[in-house]
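Enquirer: Predicted coordinates and the sequence they were generated for:
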Amino acid sequence: MAVIAPSVLSADFAKLALEVEEVKAAGAEWLHFDVMDGMFVPNISMGIPVLKSLRKATDMFLDVHLMIEKPLRYTRQFCQAGADLVCFHVESDTRENIAAAIALARQLGKKTGVTLKPGTPLEELLPFVKDVDLVLVMTVEPGFGGQKFMEDQLDKVRRLREYICGQGLGCYIEVDGGIDENTAPLALEAGAKVLVAGSAVFGKADRAAAVAALKAK
């Protein structure tokens, strides 16, 4: 069954702890935490202080997506702030530094992931797959919420699933961007396991129904 990871970016920050309690009660297993630095992507979101506060407010699995330049500089801080999984963009630094960031997070007892922008070839992240727990396929351009689902990215999900199975690996595939009750089945059919959803969960009055709709295949 799909794992639903509502994106905190779509929550009401004035009542964040309550919002998180509600999506947990609705059946969501993870929380997706988007970190943007205004340089790697053209937007600024939230960082270590918010993550620390969120960690105190919930025992949900915190999936931290670093959309920042040179993430090795902050890997230790995000791990210590409460991340359960830290996901790194392959475009954000050299291959050696991304590998070092993954190794540091694992050394600190955290799960790890890698991801890429829609325009980046899948081959760019394949060298990392054996060392991570999750691979994130972006189905929108990272940096803003509310974008239209890029269906052409599902080919990456299918190819990635074939690669993971062919190599006998156990990492999850996560899809982020434009996920709703209509696009979730497409992502799951292609091979995704974890679905990141923003307004499709936090934007709904009946969040239990919203989570159930995303899990239905």
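Expert: Happy to help now that I have it.

Enquirer: Would you mark the buried spots in stretch 177-186?
Expert: G177, G178, I179, D180, T183, A184, L186 (16 or more other Cβ atoms under 10 Å). All C-beta atoms are positioned from the backbone trio N, CA, C, and that covers glycine.

Enquirer: Let me have those in a markdown table, extended by pLDDT and distance to L195.
Expert: What follows is these, written out as a markdown table (pLDDT from 0 to 100; distance: Cβ to Cβ, whole Å):
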| residue | pLDDT | distance to L195 |
| --- | --- | --- |
| G177 | 92 | 10 |
| G178 | 93 | 11 |
| I179 | 95 | 5 |
| D180 | 94 | 10 |
| T183 | 96 | 9 |
| A184 | 96 | 6 |
| L186 | 96 | 11 |
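
Enquirer: Out of these, which sit inside helices?
Expert: A184, L186 (DSSP state H).

Enquirer: Which one of the buried residues of stretch 177-186 is nearest to D84?
Expert: I179 (20.3 Å; Cβ to Cβ).

Enquirer: Would you mind measuring from D12 to G203?
Expert: 10 Å (Cβ to Cβ, to the nearest Å).

Enquirer: Apologies, that question was intended for C165.
Expert: Separation of C165 from G203 (Cβ to Cβ): 35 Å.

Enquirer: again with M46
Expert: Taking Cβ to Cβ, one finds M46 at 18 Å from G203.

Enquirer: Residues in contact with stretch 134-141: which ones?
Expert: 63, 65, 85, 87, 111-118, 125, 129, 147-151, 153-154, 156-157, 160, 164, 171-179, 183, 187, 192, 194, 196 (Cβ atoms under 8 Å, 6 or more residues apart in numbering).

Enquirer: List only buried entries from those.
Expert: Buried among the contacts of stretch 134-141 (16+ other Cβ under 10 Å): 63, 65, 85, 87, 111-117, 125, 129, 149-150, 153-154, 156-157, 160, 164, 171-179, 183, 187, 192, 194, 196.

Enquirer: Next step: these restricted to strands.
Expert: 63, 65, 85, 87, 111-116, 172-176, 194, 196 (DSSP state E).

Enquirer: residue ranges with poor pLDDT in this structure?
Expert: 144-146, 217 (pLDDT under 70).

Enquirer: at 90 what do you get?
Expert: 1, 42, 141-148, 216-217 (pLDDT under 90).
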